[in-house]
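Peer 1: here is my input; please provide its structure:
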Amino acid sequence: MPKITVAGSISTDFVVETDKRPSVGETVEGRTFTTSFGGKGANQAIAAARAGAETTMLGAVGDDIFGEKLVMNFEENEVDSSCVERVTQSSGSAFITLSKGDNSIIYIPGANNSYSPAMIDKVLKGTHIIQESDMVLVQNEIPEETVNYLIRTCNKLNIPVLLNPAPARKLGNKLIEQVTLLTPNESEFDILFPEMDLNKAVESYPNKLIVTLGSNGVVFHDGQEIQFIPAHKVKNVVDTTGAGDTFNGAFAYAYSSGLSIKDSIRFGNAAASLSIQKNGAQEGAPSLEQIKSVI
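Peer 2: Presented below is the predicted three-dimensional model:
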């Protein structure tokens, strides 16, 4: 069982489903309102754990009722939350509008913005969690200095690190060199590599840059040629929220288990295809048995 450590955001999702998104100044009637657990870091940790990884979460929650429930959710999903920090501010939250199968999101970092390099050092000095990881996953919903510090640290320790650069922000060449895998979606790719076309970019970063294209699949360069891995066809798309996070968590499990990048992408695609057939960023993350049933 691979050991995966995820450092990232932990949030509560407040989800409204509506037939029509309101224009500026307009009020429309929604169909449903629900709350669920989210945050890109937490989503990826849950996805990795359900796929079969021994998973540890690093991050911060607030000293409110939402923070208590977020930690309990990790325990219920067999994710080690012993290193999740409690800070004196509100927990992170996201307000999600679902309409016709697609989503738009307003994200409020809250406690996630408190997760600092000092908290990474606390984990490094007090435990061997990071040092014993087969892979570390990190995203951009925690402070940039913390993300960069973790990447540099993993690079020094020779620990594979997967950066899912969401939301997108500029990356220096040195940082790109230090990550093992980089998994932007199409819009994030455009921000990271504004002067490069897709084929040129993946060719420049073989076996590192993996670009997810939603229903159009995934593309990367294997060192010899460009590889395109098609997405699984899904007839009934219910909710795309968290699909990318499910892909990343499942991909990390597969890659850390010894599968090739190509086969790990297929595994991640299968997991993502199952996730979008259920509501919620985490509720749809499938088990290992479910993923194997559709590969």
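Peer 1: ok, for Gly101, nearest residue in space, not its chain neighbours?
Peer 2: Setting aside the residues directly before and after it, Gly101 is nearest to Val237 in space (C-beta to C-beta, 6 or more residues apart in numbering), at 4.6 Å. Glycine gets a C-beta too; all of them are placed from N, C-alpha and C.
Peer 1: and the pLDDT for the one you found?
Peer 2: Reading off the confidence values, Val237 has pLDDT 84.
Peer 1: how about Lys200?
Peer 2: In this prediction, Lys200 carries a pLDDT score of 96.
Peer 1: ok, now how distant is it from Ile210?
Peer 2: For Lys200, the distance to Ile210 (C-beta to C-beta, to the nearest Å) stands at 15 Å.
Peer 1: which one's more surrounded, those two?
Peer 2: Neighbour count, other C-beta atoms under 10 Å: between Lys200 and Ile210, Ile210 has more, with 26 against 11.
Peer 1: could you give the backbone dihedrals for the more buried one?
Peer 2: phi -120, psi 110 (degrees, to the nearest 10).
Peer 1: would you mind measuring from it to Phe247?
Peer 2: Distance of Ile210 to Phe247, given as C-beta to C-beta: 10 Å.
Peer 1: mind listing the shared neighbours of these two?
Peer 2: Residues touching both Ile210 and Phe247 (C-beta atoms under 8 Å, 6 or more residues apart in numbering) are Thr183.
Peer 1: hmm, Ile142 is touching Ile10, no?
Peer 2: No. Contact between Ile142 and Ile10 fails when scored by C-beta atoms under 8 Å: they sit 9.5 Å apart.
Peer 1: can you pull out the strands in the stretch 51-200 of the chain?
Peer 2: 54-62, 79-80, 84-87, 92-99, 102-108, 135-139, 161-164, 181-182 (DSSP state E, counting those that start in this stretch).
Peer 1: and these, which one's lowest on average pLDDT?
Peer 2: Among the strands of the stretch 51-200 of the chain, strand 102-108 scores lowest, at a mean of 82.
Peer 1: list the buried residues of it.
Peer 2: Using 16 or more other C-beta atoms under 10 Å as the test for burial, strand 102-108 gives 103, 107.
Peer 1: so what's Pro184 up against?
Peer 2: Going by C-beta under 8 Å, 6+ apart, the list of residues near Pro184 reads 164-166, 168, 192, 209, 211-212.
Peer 1: right, I'll leave it there.
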